[in-house]
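# Any chance you can model this:
(one chain, ligands or ions: 1)
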Amino acid sequence: MEVGTVGVVGAGQMGSGIAHVAAASGFRVLLADLEASFLAKARATIEKNLEREVAKGKRTADEKAQALGRITVCDGLSRFAAADCVIEAIVEDETVKKDLFRELDAICPEKTLFASNTSSISITRLAGATRRPGRFIGMHFMNPVPVMGLVEVIRGIATSDETAAAILDLARAMGKTPILCNDSPGFVSNRVLLPMINEAIEALREGVATREAIDGIMKLGMNHPMGPLALADFIGLDTCLSILRVLQQGFGDPRYRPSPLLVKMVDAGWLGKTSGEGFYDY
Ligand SMILES: NC(=O)c1ccc[n+]([C@@H]2O[C@H](COP(=O)([O-])OP(=O)(O)OC[C@H]3O[C@@H](n4cnc5c(N)ncnc54)[C@H](O)[C@@H]3O)[C@@H](O)[C@H]2O)c1
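Below is the predicted model of the structure:
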């Protein structure tokens with residue numbers, strides 16, 4: 001199962017990063033989104049980020065041009081029949097993702113591997129929407145993709161050993177360090193991270209300390225590069241809330257109850273960095 005062409009669906013924050021890293025690693029990349037304007041924006045972002053790598057001496061101008069030349073933006077999904085592996089990075093909505101995978105299942109040959117970059121949706125359930133659950137897996141890249149080293153690789157209940165091995169190879173060939181886990185709510189990364197963020201929000205709500213003190217204690221004391229409240233703003237408070245709800249529903253355990261302060265802030269439209277207001281102002 002060797003991968004030469006990678007299809008990426010969703011050219012947003014994550015999809016454009018995945019396309020960038022795949023193309024820079026020598027893969028042919030097919031990139032699709034809902035609208036041509038989103039694809040044009042993604043291409044410009046990739047070009048800018050590659051240029052930054054050239055300025056830092058990480059790659060040459062020639063390598064940048066070659067990487068860009070390997071990316072084909074696609075109007076629709078029909079060309080994805082040529083992909084050896086499709087990585088999905090569209091909106092975090094189970095119904096929309098399942099519809100997309102059904103469509104891809106009809107277009108791509110049986111051998112094509114499917115991977116989802118979902119942060120929290122069950123890989124087993126997404127795989128169930130296709131006729132290839134053995135060739136379906138989670139490939140959870142971290143944000144920003146060109147910078148972060150980890151890919152959390154999530155095996156669904158039916159994922160075959162061959163698929164897992166091929167995806168580990170693909171992640172390594174993209175210069176990342178893949179680490180395997182099994183399908184479970186929040187996988188490992190968000191199951192551990194989100195309760196910490198939620199607890200920091202509860203500490204703020206209870207007046208245990210100021211936002212600066214909570215973040216400062218975690219940064220200096222635990223050697224975290226960002227405090228949990230600043231990190232929540234960066235991830236997006238709506239995303240944090242939806243992942244906590246996945247944990248709460250998936251485990252049926254009250255310890256995952258989202259902080260009422262987080263719920264209130266999302267209700268107010270305060271979503272962190274993207275909206276300009278969160279635990280900090282942007
Ligand atoms: N942002 C993060 O920090 C982060 C980290 C890890 C994983 N993820 C996951 O990655 C996925 C994408 O997140 P993002 O932050 O890049 O979102 P985003 O909103 O930046 O990008 C999503 C893109 O998908 C496109 N899209 C939506 N529905 C589509 C469809 N049916 N067909 C084709 N394109 C479609 C949108 O137009 C948009 O350009 C989500 O599942 C998210 O949970 C996000």
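# So which residues on the stretch 1-150 of the chain come close to the ligand?
9-15, 32-34, 38, 89-92, 96, 100, 117-119, 140-141, 143 (CB under 6 Å from any ligand atom). Every C-beta, even on glycine, is put in place using the N, C-alpha and C of the backbone.
# Those in helices, which ones?
Among these, the ones falling in helices (DSSP state H) are 13-15, 38, 96, 100.
# Now tabulate those in CSV and tack on pLDDT.
Putting those into CSV (pLDDT from 0 to 100) gives the following:
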residue, pLDDT
13, 91
14, 95
15, 97
38, 96
96, 97
100, 98
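# Those, buried ones only, as a ChimeraX selection?
Typed into ChimeraX, the line below selects the buried ones among these, using 16 or more other CB atoms under 10 Å:
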select :14,15,38,100
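# Now distance to residue 83 too, for the ones in helices among the residues of the stretch 1-150 of the chain next to the ligand, in JSON lines please.
Output for those, formatted as JSON lines (distance: CB to CB, whole Å):
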{"residue": "13", "distance to residue 83": "21"}
{"residue": "14", "distance to residue 83": "17"}
{"residue": "15", "distance to residue 83": "14"}
{"residue": "38", "distance to residue 83": "19"}
{"residue": "96", "distance to residue 83": "20"}
{"residue": "100", "distance to residue 83": "14"}
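# and stretch 270-282, average pLDDT?
Averaged over stretch 270-282, pLDDT sits at 96.
# now do the same end-to-end measure for that stretch.
From its first residue to its last, stretch 270-282 covers 11 Å (CA to CA, to the nearest Å).
# Enumerate the positions of it that are buried.
Buried residues in stretch 270-282 (16+ other CB under 10 Å): 270-275, 277-280.
# ok, these vs residue 249, which is closest?
The nearest member of the buried residues of stretch 270-282 to residue 249, counting by CB to CB, is residue 271 at 21.3 Å.
# which ones are touching that closest one?
236-238, 265, 277-278 (CB atoms under 8 Å, 6 or more residues apart in numbering).
# What number of residues are in the vicinity of residue 93?
With neighbours defined by other CB atoms under 10 Å, the count for residue 93 comes to 13.
# Kindly provide the distance from the residue in the chain that the ligand sits nearest to to residue 108.
Here the chain gets closest to the ligand at one residue, residue 12, 1.8 Å apart by CB to the nearest ligand atom. Per CB to CB, to the nearest Å, residue 12 is found 22 Å from residue 108.
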